[in-house]
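1. sequence first, then the predicted structure, then my questions.
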Amino acid sequence: MPNYNYKPIEHQHENMESLEKKWWKPRIDPKLLKELSKRRDGPAWINTFAYFLTLFVTGYLSYLSWGTWWALPAFFAYSIVSAFAAARWHEYGHRSVFRTRWLNDFFYEISSFICYFEPVSWRWSHTHHHSRTIHLNVDYEIQVARPADLWNLFFRDALAIDRVWAEFKTTFWHSLGIMTPIAKDCVPESERWKMIWNCRLYMAIKIGIIFWAYQIGSFLPCMFVFTPLIYGATLFQFTAMLQHGGLKADSWDHRESTRTVYLNPILGWCMYMNMQYHIEHHLFPQVPFHNLPKLHEAIKDQLPAPNYSFIDGLLEMIPAIIKQSKDPSYFIPKQFPVK
């Protein structure tokens, strides 16, 4: 969900280079970092094929089972895979997956459409998130507010209800050329025409899908496009929440505000594109997903101990969020080397 409790950029704008200098950085051999930062099309194609094949198979099974009780588990599986398109939106948006730039942009557009993100505004918003990660009233992408609203977080946000509705409204207003506050602050004027026409295209496609469903007298097309992010969003929403949930805000050290979690290969590599190595990603966003495990091994002696599983991460995060609903200043203190 976007964070609407922020200060306009003109009141807190700083040069990106000066902001970068504020963040703590680990010790790492520059040659190793240069090697780890190299993008390769091979690993990118393997991961992209694995994900979209999974999406196609679950979607085809859903189509075949439509009209039977088997459609329930089939569409549930399809919706879970669909929700993880947001991880692809993130990685392709960094243009760090493929060595070939246009391939990153092509799959970024597809992933953005699947997960309801307008690509232009969200690319700029996410750049801003990296420069001021979990800085209250400034970061646009804070998922867990202070104080935490438990009802919204564990029900509405867990089902992506607010996010889907907010994205629909934002796309609608932008398609009319009316800028939302975040777009005014975040998207350069030279880029706004792209955003407006993207939103018009998105609205046209979605209206066309609704008309198609009406013409054939079936809700099936809508089941593939509109509803998956709600009834299958929970696993992704909580996986994403682990990135920063329950941790310290307004810190210039990613070790205090960000979490690394070990996940199994299906969830971590195929679905989540190694974003479970999230401290490492924020420290060096240029490192492609397939090298994040190697980066983790290179600097882990300077980082907090990672959570050893998805469940372990939830058991740490959820009690902290409950405490933050009563005490917004509370956070999980992380232990790590000072230098």
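-> Received it, and whenever you're ready, just let me know what you need.
2. pLDDT below threshold where in the stretch 201-339 of the chain?
-> For the stretch 201-339 of the chain, applying pLDDT under 70 flags the ranges 338-339.
3. how about the helices in it?
-> In the stretch 201-339 of the chain, the helices defined using DSSP state H, counting those that start in this stretch lie at 220-225, 228-231, 234-241, 254-257, 265, 278-283, 292-299, 310-326.
4. out of these, which one sits most buried?
-> Stretch with highest mean neighbour count among the helices of the stretch 201-339 of the chain: helix 278-283 (a mean of 24; mean count of other CB atoms under 10 Å). Every residue, glycine included, has its C-beta placed from N, CA and C.
5. so what touches that helix?
-> Contact partners of helix 278-283, identified using CB atoms under 8 Å, 6 or more residues apart in numbering, comprise 23, 25-26, 130, 133, 242-244, 254-255, 258-261, 275, 287, 292, 295-296, 299, 303-304.
6. ok, now stretch 326-333?
-> 146-148, 246-249, 256, 316-317, 320, 323-324.
7. show me just the buried residues among the contacts of helix 278-283.
-> 23, 26, 130, 133, 242-244, 254-255, 258-261, 275, 287, 292, 295-296, 299, 303-304 (16 or more other CB atoms under 10 Å).
8. still on that earlier bit, just give me the closest of the contacts of stretch 326-333 to A233.
-> M317 (17.4 Å; CB to CB).
9. report the contact partners of that closest one.
-> Residues in contact with M317 (CB under 8 Å, 6+ apart) are 241-242, 245-246, 259, 332.
10. among those, which two are most distant?
-> Spanning the widest gap among the contacts of M317 are M241 and I332, at 13.4 Å by CB to CB.
11. stretch 75-95 - what's its average pLDDT?
-> Here stretch 75-95 scores 95 as its mean pLDDT.
12. before we move on, the earlier item: in a markdown table, list the contacts of stretch 326-333 along with distance to R99.
-> A markdown table is the format used below for the contacts of stretch 326-333 (distance: CB to CB, whole Å):
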| residue | distance to R99 |
| --- | --- |
| R146 | 40 |
| P147 | 44 |
| A148 | 40 |
| G246 | 36 |
| L247 | 33 |
| K248 | 36 |
| A249 | 36 |
| E256 | 33 |
| E316 | 37 |
| M317 | 35 |
| A320 | 39 |
| K323 | 45 |
| Q324 | 41 |
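13. A86 is in contact with A240, correct?
-> Yes. Using CB atoms under 8 Å, A240 is in contact with A86, at 7.1 Å.
14. and of the contacts of M317, the nearest to F113?
-> Lowest distance from F113 to the contacts of M317 (CB to CB) belongs to M241, with 23.3 Å.
15. which element is the closest residue to the closest one other than its chain neighbours on?
-> Nearest residue to M241 in three dimensions, chain neighbours excluded: Q143, at 5.7 Å (CB to CB, 6 or more residues apart in numbering). In the assignment (DSSP states H and E), Q143 maps to no helix and no strand.
16. how many neighbours does I332 have?
-> A count of neighbours around I332, defined by other CB atoms under 10 Å, yields 18.
17. distance of it from K323?
-> According to CB to CB, to the nearest Å, I332 and K323 sit 9 Å apart.
18. next: P30.
-> Relative to K323, and taking CB to CB, P30 is found at 41 Å.
19. tell me who's in contact with L292.
-> 274, 277, 280-281.
20. now with 10 Å?
-> 36, 96, 260, 268, 273-281, 284 (CB atoms under 10 Å, 6 or more residues apart in numbering).
21. ok, now M241?
-> Contacts of M241 (CB under 10 Å, 6+ apart): 143-144, 153-154, 157-158, 259, 313-314, 317-318, 321.
22. which strands and helices lie in contact with the host helix or strand of T127?
-> When elements are assigned from DSSP H and E, T127 belongs to helix 119-131. Applying 3 or more CB pairs under 10 Å, 6 or more residues apart in numbering; DSSP states H and E, one finds that helix 119-131 contacts helix 16-22, helix 85-93, helix 101-114, helix 161-175, helix 181-186, helix 189-216, helix 278-283.
23. tell me the mean pLDDT for it?
-> In the prediction, helix 119-131 has an average pLDDT of 89.
24. for the helix or strand following that helix, what is the average pLDDT?
-> Following helix 119-131 in sequence order, the next helix or strand is helix 150-151 (DSSP H and E). For helix 150-151, the mean pLDDT works out to 89.
25. I'd like to know which elements helix 150-151 is packed against.
-> By 3+ CB pairs under 10 Å, 6+ apart, helix 150-151 packs against helix 310-326.
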